[in-house]
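Participant: Predicted model and sequence follow; I will ask about them next.
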Amino acid sequence: MDKTINERIVSYSKELRLPIFRRDFMVLAKEAATQRLDYENFLLQLMEREYEGRLENRKKSHIRQANFPSKMYLNDLKRDQLPLSAMEKLPLLERLDFIESGQNIVLAGNPGTGKTHIAIGLGLKACLQGYKVLFTTVHKLLTQIRESHSQRNLKVIEARFEKYDLVICDEFGYVSFDKEGSELLFNHLSLRAGRKSTIITTNLGFERWEEIFGDPVLTAALVDRLTHKAHLINMNGESYRLKETKQMMNK
(Lines give C-alpha, C1' and ligand atoms only; values in the text may rest on other atoms or scores of the structure.)
Protein backbone atom coordinates (compact mmCIF):
# COMPACT_ATOMS: atom_id res chain seq x y z
CA MET A 1 0.00 0.00 0.00
CA ASP A 2 1.25 3.49 -0.89
CA LYS A 3 2.97 5.08 2.13
CA THR A 4 1.21 8.40 1.65
CA ILE A 5 -2.19 6.72 1.50
CA ASN A 6 -1.29 4.63 4.55
CA GLU A 7 -0.35 7.74 6.54
CA ARG A 8 -3.54 9.53 5.54
CA ILE A 9 -5.68 6.55 6.61
CA VAL A 10 -3.89 6.47 9.97
CA SER A 11 -4.41 10.21 10.39
CA TYR A 12 -8.11 10.11 9.47
CA SER A 13 -8.82 7.08 11.67
CA LYS A 14 -7.19 8.87 14.61
CA GLU A 15 -9.35 11.93 14.07
CA LEU A 16 -12.46 9.76 13.75
CA ARG A 17 -11.45 7.72 16.83
CA LEU A 18 -11.37 4.36 15.07
CA PRO A 19 -8.53 2.56 16.91
CA ILE A 20 -9.33 -0.97 15.71
CA PHE A 21 -9.85 0.25 12.15
CA ARG A 22 -6.41 1.90 12.34
CA ARG A 23 -4.79 -1.19 13.86
CA ASP A 24 -6.20 -3.75 11.42
CA PHE A 25 -6.71 -2.04 8.08
CA MET A 26 -3.28 -2.95 6.63
CA VAL A 27 -3.55 -6.63 7.55
CA LEU A 28 -7.09 -6.86 6.20
CA ALA A 29 -6.10 -4.97 3.05
CA LYS A 30 -3.40 -7.56 2.32
CA GLU A 31 -5.84 -10.41 3.02
CA ALA A 32 -8.45 -8.79 0.80
CA ALA A 33 -5.95 -8.48 -2.03
CA THR A 34 -4.89 -12.13 -1.64
CA GLN A 35 -8.49 -13.36 -1.50
CA ARG A 36 -9.64 -10.89 -4.17
CA LEU A 37 -12.38 -9.51 -1.96
CA ASP A 38 -14.45 -6.68 -3.34
CA TYR A 39 -14.37 -3.25 -1.67
CA GLU A 40 -17.70 -3.76 0.10
CA ASN A 41 -16.59 -6.95 1.88
CA PHE A 42 -13.23 -5.44 2.81
CA LEU A 43 -14.99 -2.40 4.31
CA LEU A 44 -17.55 -4.62 6.04
CA GLN A 45 -14.81 -6.63 7.77
CA LEU A 46 -13.17 -3.47 9.03
CA MET A 47 -16.46 -2.06 10.29
CA GLU A 48 -17.39 -5.34 12.00
CA ARG A 49 -14.09 -5.40 13.90
CA GLU A 50 -14.49 -1.80 15.00
CA TYR A 51 -18.09 -2.42 16.06
CA GLU A 52 -17.26 -5.60 18.02
CA GLY A 53 -14.32 -3.86 19.68
CA ARG A 54 -16.51 -0.98 20.77
CA LEU A 55 -19.11 -3.36 22.18
CA GLU A 56 -16.44 -5.15 24.19
CA ASN A 57 -15.00 -1.88 25.48
CA ARG A 58 -18.49 -0.70 26.41
CA LYS A 59 -19.06 -3.86 28.46
CA LYS A 60 -15.75 -3.37 30.28
CA SER A 61 -16.63 0.27 30.91
CA HIS A 62 -20.04 -0.65 32.33
CA ILE A 63 -18.44 -3.17 34.70
CA ARG A 64 -15.77 -0.68 35.79
CA GLN A 65 -18.30 2.11 36.37
CA ALA A 66 -20.63 -0.17 38.35
CA ASN A 67 -18.09 -0.23 41.23
CA PHE A 68 -18.46 -3.92 42.06
CA PRO A 69 -16.26 -4.85 45.06
CA SER A 70 -15.27 -8.04 43.23
CA LYS A 71 -16.27 -10.00 40.14
CA MET A 72 -18.59 -12.77 41.34
CA TYR A 73 -20.20 -14.39 38.31
CA LEU A 74 -23.35 -16.51 38.39
CA ASN A 75 -21.41 -19.40 36.85
CA ASP A 76 -19.23 -19.49 39.97
CA LEU A 77 -22.19 -20.13 42.28
CA LYS A 78 -22.54 -23.53 43.90
CA ARG A 79 -26.22 -23.67 43.09
CA ASP A 80 -26.90 -26.93 44.88
CA GLN A 81 -25.84 -25.23 48.13
CA LEU A 82 -28.13 -22.22 47.76
CA PRO A 83 -31.33 -21.89 49.81
CA LEU A 84 -34.31 -23.52 48.07
CA SER A 85 -35.99 -20.22 47.20
CA ALA A 86 -32.87 -19.04 45.36
CA MET A 87 -32.43 -22.33 43.51
CA GLU A 88 -36.01 -22.13 42.28
CA LYS A 89 -36.06 -18.46 41.26
CA LEU A 90 -32.56 -17.86 39.92
CA PRO A 91 -33.15 -19.47 36.48
CA LEU A 92 -35.93 -16.94 35.85
CA LEU A 93 -34.06 -13.95 37.27
CA GLU A 94 -30.88 -14.53 35.26
CA ARG A 95 -32.86 -13.93 32.08
CA LEU A 96 -32.90 -10.28 33.32
CA ASP A 97 -36.52 -9.71 32.31
CA PHE A 98 -37.01 -8.05 35.71
CA ILE A 99 -34.85 -5.13 34.53
CA GLU A 100 -37.02 -4.48 31.49
CA SER A 101 -40.10 -4.66 33.72
CA GLY A 102 -38.64 -2.33 36.37
CA GLN A 103 -39.10 -4.99 39.06
CA ASN A 104 -37.11 -5.20 42.28
CA ILE A 105 -35.41 -8.15 43.95
CA VAL A 106 -35.08 -8.52 47.72
CA LEU A 107 -32.61 -11.15 48.94
CA ALA A 108 -33.27 -11.58 52.67
CA GLY A 109 -31.63 -14.06 55.01
CA ASN A 110 -28.79 -14.80 57.37
CA PRO A 111 -25.14 -14.08 56.47
CA GLY A 112 -23.06 -16.32 54.22
CA THR A 113 -25.82 -17.80 52.06
CA GLY A 114 -24.94 -16.13 48.75
CA LYS A 115 -27.01 -12.92 48.74
CA THR A 116 -24.23 -10.61 47.60
CA HIS A 117 -22.87 -13.17 45.14
CA ILE A 118 -26.26 -13.48 43.45
CA ALA A 119 -26.72 -9.70 43.38
CA ILE A 120 -23.27 -9.05 41.87
CA GLY A 121 -23.67 -11.96 39.46
CA LEU A 122 -26.93 -10.52 38.13
CA GLY A 123 -25.30 -7.08 37.97
CA LEU A 124 -22.32 -8.36 35.97
CA LYS A 125 -24.59 -10.18 33.54
CA ALA A 126 -26.62 -6.99 33.12
CA CYS A 127 -23.43 -5.03 32.33
CA LEU A 128 -22.44 -7.61 29.72
CA GLN A 129 -25.84 -7.18 28.09
CA GLY A 130 -25.45 -3.42 27.87
CA TYR A 131 -27.32 -2.23 30.98
CA LYS A 132 -25.98 0.52 33.23
CA VAL A 133 -25.54 -0.77 36.77
CA LEU A 134 -24.53 0.70 40.14
CA PHE A 135 -23.35 -1.33 43.12
CA THR A 136 -23.28 0.37 46.51
CA THR A 137 -23.68 -0.46 50.17
CA VAL A 138 -26.59 1.29 51.85
CA HIS A 139 -24.19 3.01 54.25
CA LYS A 140 -22.11 4.39 51.37
CA LEU A 141 -25.22 5.49 49.49
CA LEU A 142 -26.61 7.36 52.48
CA THR A 143 -23.25 9.05 53.07
CA GLN A 144 -23.28 10.32 49.48
CA ILE A 145 -26.88 11.50 49.84
CA ARG A 146 -26.08 13.38 53.07
CA GLU A 147 -23.05 15.07 51.49
CA SER A 148 -25.06 16.11 48.44
CA HIS A 149 -27.87 17.35 50.66
CA SER A 150 -25.51 19.51 52.73
CA GLN A 151 -23.85 20.88 49.57
CA ARG A 152 -27.24 21.66 48.03
CA ASN A 153 -26.66 19.55 44.92
CA LEU A 154 -28.93 16.65 45.82
CA LYS A 155 -30.82 17.02 42.52
CA VAL A 156 -27.66 16.08 40.61
CA ILE A 157 -27.14 12.78 42.43
CA GLU A 158 -30.89 12.04 42.26
CA ALA A 159 -30.92 12.50 38.48
CA ARG A 160 -27.92 10.20 38.12
CA PHE A 161 -29.44 7.61 40.46
CA GLU A 162 -32.66 7.50 38.44
CA LYS A 163 -30.86 6.77 35.17
CA TYR A 164 -29.28 3.45 36.17
CA ASP A 165 -31.05 0.43 34.71
CA LEU A 166 -30.18 -1.53 37.86
CA VAL A 167 -29.03 -0.42 41.31
CA ILE A 168 -27.74 -2.95 43.85
CA CYS A 169 -28.01 -1.82 47.50
CA ASP A 170 -25.98 -4.22 49.62
CA GLU A 171 -25.93 -4.66 53.41
CA PHE A 172 -29.38 -3.21 54.08
CA GLY A 173 -29.88 -3.36 57.84
CA TYR A 174 -26.27 -3.39 59.02
CA VAL A 175 -26.59 0.18 60.28
CA SER A 176 -29.65 1.99 61.68
CA PHE A 177 -30.47 5.57 60.65
CA ASP A 178 -31.57 8.73 62.36
CA LYS A 179 -34.80 10.47 61.27
CA GLU A 180 -33.13 12.63 58.62
CA GLY A 181 -31.16 9.69 57.22
CA SER A 182 -34.27 7.53 57.05
CA GLU A 183 -36.21 10.19 55.17
CA LEU A 184 -33.35 10.91 52.74
CA LEU A 185 -32.89 7.21 51.95
CA PHE A 186 -36.63 6.68 51.59
CA ASN A 187 -36.96 9.57 49.15
CA HIS A 188 -33.92 8.44 47.18
CA LEU A 189 -35.07 4.83 46.76
CA SER A 190 -38.60 6.00 45.97
CA LEU A 191 -37.29 7.76 42.85
CA ARG A 192 -36.95 4.38 41.13
CA ALA A 193 -40.10 2.71 42.47
CA GLY A 194 -42.18 1.06 39.75
CA ARG A 195 -39.87 2.25 36.93
CA LYS A 196 -36.31 1.05 37.46
CA SER A 197 -34.98 -2.10 39.12
CA THR A 198 -33.28 -2.22 42.50
CA ILE A 199 -31.75 -5.26 44.21
CA ILE A 200 -31.69 -5.19 48.02
CA THR A 201 -29.65 -7.61 50.13
CA THR A 202 -30.47 -7.73 53.83
CA ASN A 203 -29.94 -9.91 56.88
CA LEU A 204 -33.22 -8.73 58.39
CA GLY A 205 -36.77 -9.82 57.69
CA PHE A 206 -39.29 -7.07 56.91
CA GLU A 207 -40.74 -7.33 60.41
CA ARG A 208 -37.42 -5.99 61.74
CA TRP A 209 -36.95 -3.10 59.30
CA GLU A 210 -38.50 -0.71 61.82
CA GLU A 211 -35.33 -1.25 63.86
CA ILE A 212 -33.38 0.39 61.00
CA PHE A 213 -35.67 3.32 60.30
CA GLY A 214 -37.25 3.91 63.70
CA ASP A 215 -40.46 5.25 62.15
CA PRO A 216 -43.16 2.57 61.64
CA VAL A 217 -45.08 4.65 59.08
CA LEU A 218 -42.01 5.35 56.94
CA THR A 219 -40.91 1.71 57.26
CA ALA A 220 -44.29 0.45 56.06
CA ALA A 221 -44.23 2.85 53.11
CA LEU A 222 -40.72 1.82 52.05
CA VAL A 223 -41.46 -1.91 52.34
CA ASP A 224 -44.61 -1.37 50.27
CA ARG A 225 -42.72 0.44 47.50
CA LEU A 226 -39.76 -1.93 47.39
CA THR A 227 -41.82 -5.12 47.43
CA HIS A 228 -44.61 -4.14 45.03
CA LYS A 229 -44.40 -6.70 42.19
CA ALA A 230 -40.93 -7.61 43.48
CA HIS A 231 -39.15 -10.96 43.53
CA LEU A 232 -38.74 -11.89 47.21
CA ILE A 233 -36.10 -14.54 47.85
CA ASN A 234 -35.74 -16.26 51.21
CA MET A 235 -31.98 -16.67 51.70
CA ASN A 236 -32.09 -18.26 55.15
CA GLY A 237 -29.90 -21.33 55.35
CA GLU A 238 -26.56 -22.63 56.55
CA SER A 239 -23.66 -20.31 55.80
CA TYR A 240 -21.48 -21.66 52.97
CA ARG A 241 -18.50 -20.04 54.67
CA LEU A 242 -19.31 -22.01 57.82
CA LYS A 243 -19.59 -25.17 55.70
CA GLU A 244 -16.15 -24.54 54.20
CA THR A 245 -14.68 -23.95 57.66
CA LYS A 246 -16.15 -27.22 58.94
CA GLN A 247 -14.81 -29.09 55.92
CA MET A 248 -11.32 -27.69 56.49
CA MET A 249 -11.44 -28.62 60.18
CA ASN A 250 -12.50 -32.18 59.35
CA LYS A 251 -9.57 -32.77 56.98
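Facilitator: That came through fine.
Participant: so who does residue 79 touch?
Facilitator: 87, 90 (Cβ atoms under 8 Å, 6 or more residues apart in numbering). All C-beta spots, glycine's among them, are computed from the backbone N, C-alpha and C.
Participant: which stretches of the stretch 1-150 of the chain have low pLDDT?
Facilitator: Per-residue confidence for the stretch 1-150 of the chain (pLDDT under 70) gives these ranges: 1-3.
Participant: Angles on the backbone of residue 236, please.
Facilitator: phi -70, psi 140 (degrees, to the nearest 10).
Participant: ok, it - how many residues close by?
Facilitator: For residue 236, the count of nearby residues is 13 (other Cβ atoms under 10 Å).
Participant: If you count neighbours, what's buried in stretch 98-107?
Facilitator: Under the neighbour-count criterion of 16 or more other Cβ atoms under 10 Å, stretch 98-107 has 98, 99, 103, 104, 105, 106, 107 buried.
Participant: sorry, that was for stretch 141-152
Facilitator: Quick answer for stretch 141-152 (16+ other Cβ under 10 Å): 141, 142, 145, 148.
Participant: ok so the third one is a helix residue?
Facilitator: Yep, that's residue 145 we're talking about. Yes. Assessed by DSSP: H, G, I helix; E, B strand; the rest coil, residue 145 belongs to a helix.
Participant: got the contact list for it?
Facilitator: Going by Cβ under 8 Å, 6+ apart, residue 145 touches 154, 157, 184, 185, 188.
Participant: Tell me which entries of the buried residues of stretch 141-152 lie within strands.
Facilitator: Taking DSSP state E as the definition of strands, the buried residues of stretch 141-152 contribute nothing to them.
Participant: does residue 48 count as helix, strand or coil?
Facilitator: Applying three-state DSSP: residue 48 is helix.
Participant: Centre of the chain to the helix or strand where residue 51 lies, how far?
Facilitator: In the assignment (DSSP states H and E), residue 51 maps to helix 39-66. In terms of Cα atoms, centre = their mean, to the nearest Å, the centre of helix 39-66 is found 21 Å from the chain centre.
Participant: Just checking, which helix or strand succeeds that helix along the chain?
Facilitator: Next element after helix 39-66 (DSSP H and E): helix 84-93.
Participant: Now do the helices in the stretch 151-251 of the chain.
Facilitator: With DSSP state H, counting those that start in this stretch as the criterion, the stretch 151-251 of the chain has helices at 154-163, 179-190, 210-213, 216-227, 240-250.
Participant: Mind putting those into TSV with mean neighbour count and distance to residue 50?
Facilitator: Shown next, in TSV, are the helices of the stretch 151-251 of the chain (neighbours: other Cβ atoms under 10 Å; distance: least, Cβ to Cβ, whole Å):
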stretch	mean neighbour count	distance to residue 50
helix 154-163	14	27
helix 179-190	17	39
helix 210-213	18	49
helix 216-227	16	42
helix 240-250	11	43
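Participant: As CSV, these with distance to residue 72 and mean pLDDT would be great.
Facilitator: Putting those into CSV (distance: least, Cβ to Cβ, whole Å; pLDDT from 0 to 100) gives the following:
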stretch, distance to residue 72, mean pLDDT
helix 154-163, 23, 94
helix 179-190, 23, 92
helix 210-213, 25, 87
helix 216-227, 23, 92
helix 240-250, 12, 71
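Participant: which one of those lies closest to residue 32?
Facilitator: helix 154-163 (42.3 Å; Cβ to Cβ).
Participant: Could you list the residues in contact with that closest one?
Facilitator: 132, 134, 144, 145, 148, 167, 188, 191, 192, 196.
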